[in-house]
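Undergrad: What follows is a predicted protein model with its sequence.
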Amino acid sequence: MRPPIKMTALDIAALVRSRERSASEVVEEHLARIAAHDSAIGAFLTVDEDGARAAAARVDDSVRQGSDPGSLAGVPVAIKDVLCTEGLRTTCASRILEDYVPPYTATAVSRLTAAGAVVIGKTNMDEFAMGSSTENSAFFPCHNPWDPDRVTGGSSGGSAAAVAAGFAPLAVGTDTGGSVRQPASLCGVVGMKPTYGRVSRYGLIAFASSLDQCGPFARTVPDAAACFRAMAGHDPADSTSIPSEVQDVMAGLDDGVAGLRIGLVREFATEGVQKEVSDALASAADSLAGAGAGVTEVSVPSALYGLPAYYVINPAECSSNLARYDGVRQGLRVPGRTYLEMSGATRDHGFGPEVKRRIMLGTYALSAGYYDAYYGKAQRVRTLLIRDFEKAYEECDVLLAPTSPTTAFRLGEKAADPLSMYLSDIFTIPSNLAGAPAISVPVGLDGQGLPIGVQVLAPVLGEAVMFRTARVLEALANFTQEPPL
Ligand code: GLN
């Protein structure tokens, strides 16, 4: 049996609801573990000891009074520092928001606390969620619990590391172009991106609004499903939120894959994939076939064009969203004699190199004369990709793919080469462009003892079949190894 600190979220909630454990006890254990180990990992930008203790006490009070605090009663949850939390500093790991304390809480977070979850702190990330390694944090990089010389992936590296290290059984990240799934894969945990619009973006600080979506990290697929279920649903405060009812993803979780049609994306069998990663994918496919699924190859012809299209659309939206940090309305202000001098100095001082690169790329892609050649073309590729996926889903219920082309790389290894960093996202980005859900499940370790993840992709609003397949994959892979912490 796993030591108590590594219990699943659902087990913790069950014990807290039945009064076998108190939420306060659970929170203290996790705070102690963070205090003992996070200096070597750097998963948290802010640990909210007081807030977590008070929230846990409220959960215990309500249990004592005989009312049910909810499906995630007393479960510590770590929140990526891009989601607003009222009264709790929210930095986006950027100097420009270093002292920002939001006056309101993101819907995704308030839904979790309404279900009884206890926010334990805010996690490290790439600045404004731009990156694939959490080295772009303006404060400090995050280290992989499996090997502190390696990256956690990104941009939600702090959330992935927090779950892997046992600092919290659940965490929330955001996945604009793979930023939940890729770090989940590199840290050996489950990470999921919902259908665009399924989880509210209200209070999620915008990066690329047509792609941003927050999703859960967990140690198991049922925990991820439970966290998703708590966060999902229509929110009138987000105009892109989907009004339809959320499918009950817990109900059919154990229905198995017999009779499901699973597709292996032909175009993803490409160069540059670590052999152990493609081997793990092949054995995942074999084991799913052994469990009764029909596994075939399927073509998504434009799949590999997702990456270049994303790196036009994403900077374009980013340059427009980040225009608001002008030193006037919120965040940092560096004084200057004129408005232009002040806002120029503020942005120069407040933004790191990757953020500046995106703003410049995006501004260029949107400029008169280039708009159609770059932004227009990328949008057409996006439409093509959506259609290609729709076609593939006429033949298949879900698709199977690698999550990341390689396991965790070394800190500093790709920092000087943005293109090779961008390539980390080649298999995750297509789902973001298509607005479709996908999940990464840990399936094993490579020769160096580093975790490997496999992705299950599903059509828009196909969360139930996605979780169901992932559940089987998880059971068959039986990944029980722990990082050496
Ligand atoms: N690595 C991608 C990027 O830098 C992912 C971003 C994300 O999903 N937040 O854009």
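TA: Cool, got the structure. Numbering: from 1, shown residues only.

Undergrad: CA only for contacts and neighbour counts going forward, please
TA: Will do.

Undergrad: near the ligand, which residues of the stretch 51-200 of the chain show up?
TA: With CA under 6 Å from any ligand atom as the criterion, the stretch 51-200 of the chain meets the ligand at residues 129-132, 155, 174-179.

Undergrad: Now with 5 Å, please.
TA: When proximity is defined as CA under 5 Å from any ligand atom, the stretch 51-200 of the chain approaches the ligand at 129-132, 175-179.

Undergrad: Secondary structure, neighbour count and pLDDT added to these, as a markdown table?
TA: A markdown table is the format used below for those (DSSP: H, G, I helix; E, B strand; the rest coil; neighbours: other CA atoms under 10 Å; pLDDT from 0 to 100):
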| residue | secondary structure | neighbour count | pLDDT |
| --- | --- | --- | --- |
| 129 | helix | 33 | 98 |
| 130 | coil | 27 | 98 |
| 131 | coil | 28 | 96 |
| 132 | coil | 30 | 96 |
| 175 | coil | 29 | 98 |
| 176 | coil | 29 | 98 |
| 177 | coil | 33 | 98 |
| 178 | coil | 33 | 98 |
| 179 | coil | 35 | 98 |
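
Undergrad: Let me know the closest of these to residue 421.
TA: residue 132 (6.4 Å; CA to CA).

Undergrad: Contacts only, for the closest residue to the closest one other than its chain neighbours.
TA: Spatial nearest neighbour of residue 132, chain neighbours left out: residue 154 (3.8 Å); criterion: CA to CA, 6 or more residues apart in numbering. By CA atoms under 8 Å, 6 or more residues apart in numbering, the contact list for residue 154 reads 125-126, 129, 131-134, 179-180, 182-183.

Undergrad: one more time with 7 Å, if that's ok
TA: Counting by CA atoms under 7 Å, 6 or more residues apart in numbering, residue 154 touches 125-126, 131-134, 179, 182-183.

Undergrad: Now do the strands in this protein.
TA: Taking DSSP state E, the strands of the chain run over residues 44-47, 76-80, 118-123, 170-174, 190-193, 214-218, 261-265, 294-298, 398-402, 438-445, 451-457.

Undergrad: Surely residue 296 and residue 260 touch.
TA: No. Counting by CA atoms under 7 Å, residue 296 stays clear of residue 260, with 10.9 Å between them.

Undergrad: give me the number of residues near the residue in the stretch 201-350 of the chain that the ligand sits nearest to?
TA: Closest approach between the stretch 201-350 of the chain and the ligand, counting by CA to the nearest ligand atom: residue 314, at 6.7 Å. Look at residue 314: counted by other CA atoms under 10 Å, it has 26 neighbours.

Undergrad: And for it, nearest residue in space, chain neighbours not counted?
TA: residue 208 (5.5 Å).

Undergrad: Next one, pLDDT for the one you found please.
TA: pLDDT, residue 208: 97.

Undergrad: what's the distance between it and residue 432?
TA: In this view, residue 208 and residue 432 are 11 Å apart by CA to CA, to the nearest Å.

Undergrad: list the residues that contact both of the two?
TA: Joint contacts of residue 208 and residue 432 (CA under 7 Å, 6+ apart) are residue 176.

Undergrad: Output the strands of the chain as CSV; include the columns mean pLDDT and mean neighbour count.
TA: Listed next are these as CSV, based on pLDDT from 0 to 100; neighbours: other CA atoms under 10 Å:
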stretch, mean pLDDT, mean neighbour count
strand 44-47, 98, 22
strand 76-80, 98, 32
strand 118-123, 98, 30
strand 170-174, 98, 33
strand 190-193, 98, 34
strand 214-218, 98, 32
strand 261-265, 98, 22
strand 294-298, 98, 18
strand 398-402, 98, 26
strand 438-445, 98, 28
strand 451-457, 98, 29
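
Undergrad: want to throw these into TSV with distance to residue 18?
TA: Formatted as TSV, those follow (distance: least, CA to CA, whole Å):
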stretch	distance to residue 18
strand 44-47	28
strand 76-80	17
strand 118-123	17
strand 170-174	20
strand 190-193	27
strand 214-218	22
strand 261-265	40
strand 294-298	42
strand 398-402	37
strand 438-445	30
strand 451-457	34
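
Undergrad: residues in contact with residue 484?
TA: Counting by CA under 7 Å, 6+ apart, residue 484 touches residue 146.

Undergrad: hang on, I meant residue 108
TA: Applying CA under 7 Å, 6+ apart, we find residue 108 in contact with 199-200, 231.

Undergrad: Just the ones of the residues you listed in helices?
TA: Judged by DSSP state H, the subset of the contacts of residue 108 located in helices is residue 231.

Undergrad: quick one: which of residue 208 and residue 432 has more around it?
TA: Legend: neighbour count by other CA under 10 Å for residue 208 and residue 432, higher for residue 432 (25 against 21).
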